[in-house]
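Q: Build me a model from this:
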Amino acid sequence: MKCIVISYSAFCNTNELDNDMDFIKKLFNNYIDKGFIVNQIKHQNIKINDNGSKVISSNRPQLINNEENEIINIMPERIDYFKILSNDDSLKIKEGLKIEKTYNRINILGEILDLIGKKASRLALNIDYDGNDKAIELKINNNYYNNDKFNEFTSTIVNSETYEKEKYNISTQISCLKTLQEIQVANQKIKIKGYHIHNDINTNQLNSNVRFDKDNIYKIFMFMIDKNNELLRGYDSVDE
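A: Next comes the predicted model:
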């Protein structure tokens with residue numbers, strides 16, 4: 001099993017950035033030296049009123065680092081960082097999540113929140129792992145899931161944990177893909193086959209208080225990464 005995609009997300013309202021060229025210039029000045037180019041992506045929103053519905057299009061800011069396969073999308077309700085790992089830098093599960101190069105990208109999310117003058121109400125870590133048909137058995141960590149074994153086509157396990165008064169939802173989905181399939185990541189499609197694991201660790205979405213900023217966002221995401229690594233240590237798989 002190999003890590004193929006990692007994403008960090010911060011949820012906040014950024015509607016005011018629609019078609020905002022001044023903010024585009026700020027992004028360019030702040031991140032051109034960090035390997036990112038500034039782009040704009042089309043976003044469509046359906047507005048409904050008494051007279052019916054209307055599709056409204058707007059341009060949203062985006063940062064792209066083609067050399068590192070990284071994308072940061074600043075959408076109306078969230079900011080997403082994606083890194084797509086190539087075959088060269090994908091990591092086997094037994095090695096844990098040793099992708100420190102993405103850790104400083106957590107700080108970029110905090111910087112963008114600060115640049116907008118906003119705090120986020122929710123944070124989410126999503127990580128995908130892919131393996132071939134030799135990975136015949138997946139064992140879930142006994143600390144979380146009582147050592148249950150899953151032989152179904154798709155199995156989902158949900159748990160929760162509290163750390164420093166913050167509640168976290170932890171979801172693991174395991175699929176056995178008999179044929180080659182595609183998953184959509186940002187603006188790219190990735191082909192996968194065999195066992196596929198998707199770990200989703202996020203703060204409680206029922207808590208809408210805006211409380212995450214550049215001063216605490218790194219600590220929260222590192223806790224999530226530690227939880228992900230604990231889950232990985234419970235998986236038994238055959239190396240590719």
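Q: How about I116, nearest residue that isn't a chain neighbour?
A: Setting aside the residues directly before and after it, I116 is nearest to T14 in space (CB to CB, 6 or more residues apart in numbering), at 6.0 Å. Any C-beta I mention is one placed from the backbone N, CA and C, and that applies to glycine too.
Q: Run through the residues that contact that neighbour.
A: I74, M75, P76, E77, I79, I116, K118 (CB atoms under 8 Å, 6 or more residues apart in numbering).
Q: Mind telling me what element the fifth one is part of?
A: Spelled out, that is I79. strand 78-84 (DSSP states H and E).
Q: Output that strand as PDB, nothing but the C-alphas.
A: The C-alpha coordinates for strand 78-84 follow below in PDB (Å, rounded to 0.1, in the frame of the first residue of the first chain):
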ATOM      1  CA  ARG A  78     -13.200  26.400   2.100                       C
ATOM      2  CA  ILE A  79      -9.400  26.500   1.400                       C
ATOM      3  CA  ASP A  80      -8.000  23.200   0.200                       C
ATOM      4  CA  TYR A  81      -4.300  22.100  -0.200                       C
ATOM      5  CA  PHE A  82      -3.700  19.000  -2.300                       C
ATOM      6  CA  LYS A  83      -0.500  17.100  -2.900                       C
ATOM      7  CA  ILE A  84      -0.500  14.300  -5.400                       C
END
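Q: Just name whatever secondary elements that strand is in contact with.
A: strand 2-11, strand 70-74, helix 103-116 (3 or more CB pairs under 8 Å, 6 or more residues apart in numbering; DSSP states H and E).
Q: Return a ChimeraX selection command for the buried portion of the contacts of T14.
A: To isolate the buried members of those in ChimeraX, using 16 or more other CB atoms under 10 Å:
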select :74,75,79,116,118
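Q: Quick one: the strands in this structure, in order.
A: Ranges of strands in the chain, per DSSP state E, are 2-11, 37-49, 52-65, 70-74, 78-84, 122-130, 154-163, 166-185, 188-203.
Q: Give me the distance between the fifth one and the centre of its chain.
A: Spelled out, it's strand 78-84. When distances are taken as CA atoms, centre = their mean, to the nearest Å, strand 78-84 is centred 6 Å away from the chain's centroid.
Q: Strand partners (parallel or antiparallel) of it?
A: strand 2-11 (antiparallel), strand 70-74 (antiparallel) (DSSP bridges).
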